[in-house]
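**Student:** Build me a structure from this.
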Amino acid sequence: MRASRCFVQGQRLAANGQLDEALNAFEQALAWRPQMTGVHLHYALALSDADRLDEAVSAMHKAMAIEPLNAVLPMFLGLILFDHADYPGAQSWCEQALILDPQQLRAQALLALVDLAEGRVARGYEQLQQSQSPSLSMLERLAFKCGMRQPPL
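**Tutor:** Numbers count the residues shown, from 1 in each chain. As a prediction, this is how the structure comes out:
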């Protein structure tokens with residue numbers, strides 16, 4: 001019960017931009033329940049937001065070690081790397097997610113965004129169409145990184 005409370009508190013704090021406090025809450029949750037994959041995931045996302053990329057990657061690897069067949073986890077590692085402009089790394093982890101689940105739409109959409117960010121526009125748009133429902137938040141993130149006022153649709 002304590003771990004769950006700390007986890008929810010960490011999510012709330014991270015959503016409000018209180019990253020140091022969120023990280024402390026996630027660390028407490030992990031101390032009580034080190035096998036909670038979701039805590040590792042959200043801890044990694046908060047570490048990434050705090051520009052602590054190496055630690056974020058490490059936290060994602062711990063989550064993937066707990067649930068090696070969960071296709072969402074490598075996709076989130078790809079997203080973390082994408083946010084830090086490591087496009088080859090993002091591509092590799094999205095491809096891993098698609099090996100685990102070929103229908104993982106977020107991984108498909110993120111691969112398309114990697115192509116767009118790397119200047120492979122035609123291929124990126126083709127992949128976006130194939131993914132059927134790209135995540136708007138991912139498109140907005142790419143637009144922001146590229147200095148656009150709205151997502152490339």
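
**Student:** List the buried residues for stretch 49-68?
**Tutor:** Neighbour counts using 16 or more other C-beta atoms under 10 Å place 49, 52-53, 55-57, 59-60, 62-64 of stretch 49-68 among the buried residues. Every residue, glycine included, has its C-beta placed from N, CA and C.

**Student:** Then stretch 84-93?
**Tutor:** 86-87, 89-91, 93.

**Student:** what about this protein, any weak spots by pLDDT?
**Tutor:** Residue ranges of the chain with pLDDT under 70: 131-153.

**Student:** what's the domain layout of it?
**Tutor:** 1-67, 69-152 (the TED database).

**Student:** gap between the two ends of the first one?
**Tutor:** I take that to be domain 1-67. For domain 1-67, the first-to-last residue distance is 22 Å (C-alpha to C-alpha, to the nearest Å).

**Student:** rewinding a little: and the buried residues of stretch 84-93, which two are furthest apart?
**Tutor:** Pairwise distances across those peak at 11.0 Å for Tyr87 and Trp93 (criterion: C-beta to C-beta).

**Student:** and for these two, which residues touch both?
**Tutor:** Residues touching both Tyr87 and Trp93 (C-beta atoms under 8 Å, 6 or more residues apart in numbering): Leu81.

**Student:** distance of Val114 from Ala15?
**Tutor:** With the distance defined as C-beta to C-beta, to the nearest Å, Val114 ends up 26 Å from Ala15.

**Student:** between these two, which one's more packed in?
**Tutor:** Legend: neighbour count by other C-beta atoms under 10 Å for Val114 and Ala15, higher for Val114 (26 against 10).

**Student:** Pull the contacting residues for the more buried one.
**Tutor:** Contacts of Val114 (C-beta under 8 Å, 6+ apart): 82, 87, 90-91, 94, 124.
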